[in-house]
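A.B. asks: got a predicted structure here, sequence first:
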Amino acid sequence: MSNLVIIPTYKEKENIEALVRSISSLTVPFDILVIDDNSPDGTAGIVKNLISSFPNLHLIERPAKLGLGTAYITGFKWALEKDYKYIYEMDADFSHDPVDLVRLYDACTRGGADVAIGSRYISGVNVVNWPLTRVLMSYFASIYVRWITRMRIKDTTAGFICYKKEVIENIKPQQIKSVGYGFQIEMKFIAYKLGYKIVEVPIIFTDRKLGSSKMSGGIFNEALWGVLRMKLRSFFTKYERNSVTESP
């Protein structure tokens with residue numbers, strides 16, 4: 001097994017079937033793990049109905065809306081148990097074009113990246129249908145994170161990413177303190193501190209057409225202050241890679 005795309009969902013009934021079909025039609029094979037936080041709109045039920053037609057599709061149901069970070073931690077644990085080599089994060093709302101999964105895959109398999117980020121800001125500002133205020137908030141948030149952390153990453157808050165298995169094993173996501181979008185920043189920061197090769201792949205990010213956004217001021221503030229706490233903790237943390245044996 002090579003590729004697993006982890007997709008957290010909450011009220012994504014308008015998007016999930018089309019997304020599963022789109023990913024499953026790609027030239028590179030990807031397994032899909034949907035982690036649904038008890039969506040009241042029946043998202044999990046739609047996924048269950050699709051599983052018989054899509055053997056690459058898997059579902060984990062959680063009892064409540066428990067946060068983006070814990071959803072990914074659940075997915076990473078499942079992926080490592082199943083021994084996937086490349087593990088992807090992706091939104092459920094088509095803001096990330098499924099075709100770009102292949103480009104992230106190529107960046108790792110052919111380009112030598114340990115972490116490949118689908119980046120909105122590596123070649124200008126490539127965001128479609130966002131209000132200007134949100135574009136500015138996201139763009140300057142990434143500048144703020146770069147200034148605090150010294151990471152050379154343009155899109156520090158990106159949620160469209162491919163990690164090699166070894167990177168996930170050494171990051172130990174269950175130890176990450178952030179829960180919301182700060183989780184994305186902290187994952188990249190630890191990968192950076194561990195010395196992994198991080199590559200940004202330019203993408204065009206398109207705001208959702210169906211369903212409602214999950215972004216809120218509270219999520220943004222958690223990321224803002226979480227970056228400072230994360231940086232302070234780093235002064236007292238020793239970052240070391242464990243030796244990882246590749247499966248035959």
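C.D. replies: Received it, and whenever you're ready, just let me know what you need. Numbering: from 1, shown residues only.

A.B. asks: quickly list what the residue nearest the centre of the chain is bridged to.
C.D. replies: The geometric centre of the chain, computed from its C-alpha atoms, lies nearest to Glu89 (Cα atoms, centre = their mean), at 2.9 Å. Counting by DSSP bridges, Glu89 forms beta bridges with Ile6, Ile161.

A.B. asks: so what's it scoring on pLDDT?
C.D. replies: pLDDT recorded at Glu89 is 97.

A.B. asks: so it sits against Ile161, correct?
C.D. replies: Yes - shown here, Glu89 and Ile161 form a contact pair, counting by Cβ atoms under 8 Å, at 4.7 Å. Placement of C-beta: from N, CA and C, glycine included.

A.B. asks: what is in contact with these two at once?
C.D. replies: Jointly contacting Glu89 and Ile161 under the rule Cβ atoms under 8 Å, 6 or more residues apart in numbering are Gln184.

A.B. asks: tell me where the protein has helices.
C.D. replies: 16-24, 43-51, 68-81, 100-109, 132-149, 165-171, 182-193, 217-234 (DSSP state H).

A.B. asks: tell me how many other residues crowd Lys238.
C.D. replies: Lys238 has 6 neighbouring residues, counting by other Cβ atoms under 10 Å.

A.B. asks: quick check: phi and psi on it?
C.D. replies: Per-residue torsions, Lys238: phi -100, psi 120 (degrees, to the nearest 10).

A.B. asks: distance of it from Val135?
C.D. replies: Taken as Cβ to Cβ, to the nearest Å, the spacing of Lys238 relative to Val135 amounts to 38 Å.

A.B. asks: try Val179
C.D. replies: Going from Val179 to Val135 by Cβ to Cβ gives 24 Å.

A.B. asks: which one of the helices of the chain is the most hemmed in?
C.D. replies: Most buried of those by mean neighbour count (mean count of other Cβ atoms under 10 Å) is helix 182-193; its value is a mean of 23.

A.B. asks: and Phe30, what does it touch?
C.D. replies: Asn3, Leu4, Val5, Ile23, Ser24, Asn56, Tyr88, Leu101 are the contacts of Phe30 under Cβ under 8 Å, 6+ apart.

A.B. asks: would you list the helices of the chain in TSV and tack on mean pLDDT and distance to Asp93?
C.D. replies: Formatted as TSV, the helices of the chain follow (pLDDT from 0 to 100; distance: least, Cβ to Cβ, whole Å):
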stretch	mean pLDDT	distance to Asp93
helix 16-24	97	8
helix 43-51	97	12
helix 68-81	95	13
helix 100-109	98	14
helix 132-149	83	14
helix 165-171	96	24
helix 182-193	92	16
helix 217-234	74	15
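
A.B. asks: as a markdown table, these with distance to Gly118 would be great.
C.D. replies: Output for the helices of the chain, formatted as a markdown table (distance: least, Cβ to Cβ, whole Å):
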| stretch | distance to Gly118 |
| --- | --- |
| helix 16-24 | 14 |
| helix 43-51 | 23 |
| helix 68-81 | 15 |
| helix 100-109 | 6 |
| helix 132-149 | 14 |
| helix 165-171 | 16 |
| helix 182-193 | 12 |
| helix 217-234 | 18 |
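
A.B. asks: of these, which is nearest Asp207?
C.D. replies: Ranking those by their distance to Asp207 (criterion: Cβ to Cβ) puts helix 132-149 first, at 8.4 Å.

A.B. asks: quick one on the thing from earlier: so which of the helices of the chain gets nearest Thr9?
C.D. replies: helix 43-51 (5.0 Å).

A.B. asks: who are the packing partners of the closest one?
C.D. replies: strand 3-9, helix 16-24, strand 31-36, strand 57-61 (3 or more Cβ pairs under 8 Å, 6 or more residues apart in numbering; DSSP states H and E).

A.B. asks: including distance to Tyr192, could the ones you listed go into TSV?
C.D. replies: Putting these into TSV (distance: least, Cβ to Cβ, whole Å) gives the following:
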stretch	distance to Tyr192
strand 3-9	21
helix 16-24	28
strand 31-36	26
strand 57-61	29
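
A.B. asks: no further questions, thank you.
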